[in-house]
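*Asks:* Everything below, folded, please.
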Amino acid sequence: MTHATTVWQANRSGGLTGAEALIETSLAAGVDVCFANPGTTEMPLVAALDSVPGTRAVLGLFEGVCTGAADGYARIAGRPAMTLLHLGPGFANGIANLHNARRAHSPVFNVVGDHASWHLVHDAPLTSDIVSLASPVSGWVGTAASGAGLAQLTARAIAAATAAPGRGATLIAPADFQQEVLKAPVDVELPHPRSKPEVAADVIDAIAKRLRAGERAVLLLGGAALDKRGQKAAARIASATGAVLYSETFPAAAERGGGLPDLDRLPYFPEKAIEALAGAQLVLLAGALEPVSYFGYEGVPSLLAPSGTVEVLSTPEEDATLALEALADALGAPEPAPQPPRPDDEGRPDGELTPQSVGRIVARLLPEQAIVSVEGGTCGYPFFTASSRAARHTTLTNTGGAIGQGLPAAVGAAIAAPGRKVVALQSDGSAQYTIQSLWTMAREQLPVVTLIASNRAYNVLRTELGRHGQSRPGPNATALTSLDGPAFDWPALARGYGVPGTRVETGEALRRELGRALAADGPQLIEMAL
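*Replies:* Numbers count the residues shown, from 1 in each chain. So this is what the prediction gives:
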């Protein structure tokens, strides 16, 4: 649904420019944060961010920081942020994290400046096919043909971005239409908040009948089903039927800890996932897609669930939480028993750091309502397992597998929830893809604690070499999976971007430095030597 409004600034003689109309429309639609890496063709929009007050403009030194931050913002705020990007090459620099945002169903509103419409025919050096670049990572793409069109298409883009289950929308803004002065008010149709459709009662009844008949079930949760209500309803179903609960392998956002069910992520490697699902007669999807092997391996099935077992309780477009509650009610499932308290000595490992000890220490020290942006397998899985007994927090993971998501997502999450502490649990290799995020954290004084799992190798690639029969890699394979020689000096890199940094090698040191960092104002970085 939409509602009409008129874009006009009555106290300005001569009316708004197209750029100002775009900003005013986005504000009217509830978009008040802009992650920007602008260039020449976006200068009218940069000026409009001052002449039309109300938008928080955040500079990223690389477009992938902007798009990843918009993704992290959307996952926490539940509404779009704007990105402001420079022509096709600038947009291309941000595509990797827009790919992740698409997989997360994040509503992201991209504005891409283009050459003046009359200049495009001359094929200037920065001219490119922006529509073709944007289409694979956008559910909606539009190009303005006038200053008034910038306002109208802004409203359409935001409506498209916020349509369930959430998607990217990209508006291409030619420079001449940004500068054009509107001669009259412009009517636009702003989107209303929309609820997700409910799952039909006959779908609920059919699944409840199968569960009452005693079919062995695995319940795979994704999307909104991983909120507090969804998980509690899933726990009721599991308690009543014996169903096994899993989160999808890389959830966009999952509530964890604070007495919520102790469910783990479906394993990453296909053999382990197939093993986890092998005994199921019913693999029930609640807001998740059918599990598929991340990569194809000869002799290993691409579809991980046993043939014929997959049933959809709710699609990502539907209200998964309400569907789970309706199914639990249909089963007459009682509330599950609360989680037992954590032993006093848990989360206090000493000595040399391991991924498991890092996971336990971080889970132990997390403050209430923290946000944890996880990227990298070294400590990510051990933390997720340990975090079921942490204080209540939200975990973000890399939904699309394009590396460089974790630090920008932490930036966006911190801006979306200024009262919450953010921890970026990051592997050293992937952190280098968007290390410029540290500068934005320092400039905005964001409460982000970055934890670098420093093993100086692409360990996942070494594992993949082994899976391809290279258990003893040669010199080239070793060099291409090593991050040593020279080793990164993470504290020095952090300080160069304006973030205090330190290095720890033991559990005692990590507990001390993490406690200090969580109590500090502004960003902090800790390199964890593994």
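
*Asks:* which non-adjacent residue is nearest Val203?
*Replies:* Leu313 (7.1 Å; Cβ to Cβ, 6 or more residues apart in numbering). From N, CA and C alone the C-beta is placed, and that goes for glycine too.

*Asks:* before we move on, what about His393?
*Replies:* Excluding its sequence neighbours, the residue lying closest to His393 (Cβ to Cβ, 6+ apart) is Ala370, at 4.3 Å.

*Asks:* what's around the residue nearest to Val203, how many residues?
*Replies:* By other Cβ atoms under 10 Å, 24 other residues sit near Leu313.

*Asks:* would you put the C-alpha positions of the host helix or strand of it in PDB?
*Replies:* Assigned by DSSP states H and E, Leu313 belongs to strand 310-314. Presented in PDB, the C-alpha positions along strand 310-314 are these (Å, rounded to 0.1, in the frame of the first residue of the first chain):
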ATOM      1  CA  VAL A 310      11.400 -31.300   2.400                       C
ATOM      2  CA  GLU A 311       8.200 -29.400   3.200                       C
ATOM      3  CA  VAL A 312       7.700 -25.600   3.500                       C
ATOM      4  CA  LEU A 313       6.000 -24.300   6.600                       C
ATOM      5  CA  SER A 314       6.600 -20.700   5.500                       C
END
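
*Asks:* before we move on, back to that, hmm, Leu327 and the residue nearest to Val203 touching each other?
*Replies:* Yes. Leu313 is within contact range of Leu327, at 6.6 Å (criterion: Cβ atoms under 8 Å).

*Asks:* Please enumerate the shared neighbours of those two.
*Replies:* Here Leu313 and Leu327 have 204, 207 as joint contacts, going by Cβ atoms under 8 Å, 6 or more residues apart in numbering.

*Asks:* residue contacts, Leu226?
*Replies:* Leu226 makes contact with 247, 251, 253-255, 287, according to Cβ under 8 Å, 6+ apart.

*Asks:* Most widely separated two among those?
*Replies:* Using Cβ to Cβ, the two most remote members of the contacts of Leu226 are Glu255 and Gly287, lying 13.2 Å apart.

*Asks:* Spell out the residue ranges of the helices in the stretch 351-500 of the chain.
*Replies:* 355-365, 377-386, 406-416, 428-431, 437-444, 459-467, 475-480, 490-496 (DSSP state H, counting those that start in this stretch).

*Asks:* Quick one, which of these gets closest to Gln231.
*Replies:* Gln231 sits nearest to helix 377-386 of all the helices of the stretch 351-500 of the chain, at 13.8 Å, using Cβ to Cβ.

*Asks:* Which one of Glu255 and Gly287 is surrounded by more residues?
*Replies:* Taking other Cβ under 10 Å, Glu255 and Gly287 do not tie; Gly287 has more neighbours (31 against 18).

*Asks:* right, and the more buried one touches Ser314 too?
*Replies:* Yes. The pair Gly287 / Ser314 is scored as a contact, 5.7 Å apart, by Cβ under 8 Å.

*Asks:* Find the residues that touch each one of those two.
*Replies:* Common neighbours of Gly287 and Ser314, counting by Cβ under 8 Å, 6+ apart, are 225, 320.

*Asks:* how about the strand holding Leu313: buried residues?
*Replies:* Buried residues in strand 310-314, counted by 16 or more other Cβ atoms under 10 Å: 310-314.

*Asks:* Show residues contacting that strand.
*Replies:* By Cβ under 8 Å, 6+ apart, strand 310-314 touches 199, 203-204, 207, 210, 225, 282-287, 290, 320, 323-324, 327.

*Asks:* try stretch 260-277
*Replies:* Looking at what lies outside stretch 260-277 - Cβ under 8 Å, 6+ apart - the contacts are 218, 220-221, 228, 231-232, 234-235, 238, 244-251, 283, 291, 293-294, 297, 300-301, 304-306, 309, 336, 339, 377, 381, 384-385, 388-389, 392.

*Asks:* now stretch 50-57
*Replies:* Outside stretch 50-57, the residues touching it (Cβ under 8 Å, 6+ apart) are 9, 16, 20, 23-24, 26-27, 31-34, 36, 49, 82, 415.

*Asks:* among those, which ones are buried?
*Replies:* Using 16+ other Cβ under 10 Å, the buried members of the contacts of stretch 50-57 are 16, 20, 23-24, 26, 31, 33-34, 36, 49, 82, 415.

*Asks:* ok so, going back, ok, the residue nearest to His393 to Gly258 distance?
*Replies:* 11 Å (Cβ to Cβ, to the nearest Å).

*Asks:* which of these two has more neighbours?
*Replies:* Counted by other Cβ under 10 Å, Ala370 and Gly258 do not tie: Ala370 has more neighbours, with 25 against 15.

*Asks:* these two touch, right, Phe91 and Leu133?
*Replies:* Yes. Assessed by Cβ under 8 Å, Phe91 is found in contact with Leu133 at 5.5 Å.

*Asks:* picking that back up, so of the contacts of stretch 50-57, which ones are in helices?
*Replies:* 20, 23-24, 26-27, 49, 415 (DSSP state H).

*Asks:* With distance to Ala70 as added columns, please give the helices of the stretch 351-500 of the chain in a markdown table.
*Replies:* A markdown table is the format used below for the helices of the stretch 351-500 of the chain (distance: least, Cβ to Cβ, whole Å):
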| stretch | distance to Ala70 |
| --- | --- |
| helix 355-365 | 26 |
| helix 377-386 | 22 |
| helix 406-416 | 6 |
| helix 428-431 | 19 |
| helix 437-444 | 12 |
| helix 459-467 | 26 |
| helix 475-480 | 32 |
| helix 490-496 | 24 |
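
*Asks:* any idea which of those scores lowest on pLDDT?
*Replies:* Mean pLDDT is lowest for helix 459-467 among the helices of the stretch 351-500 of the chain, at a mean of 80.

*Asks:* what packs against that helix?
*Replies:* Judged by 3 or more Cβ pairs under 8 Å, 6 or more residues apart in numbering; DSSP states H and E, the packing partners of helix 459-467 are helix 377-386.

*Asks:* follow-up on the earlier one: which of the helices of the stretch 351-500 of the chain sits most buried?
*Replies:* helix 406-416 (a mean of 30; mean count of other Cβ atoms under 10 Å).
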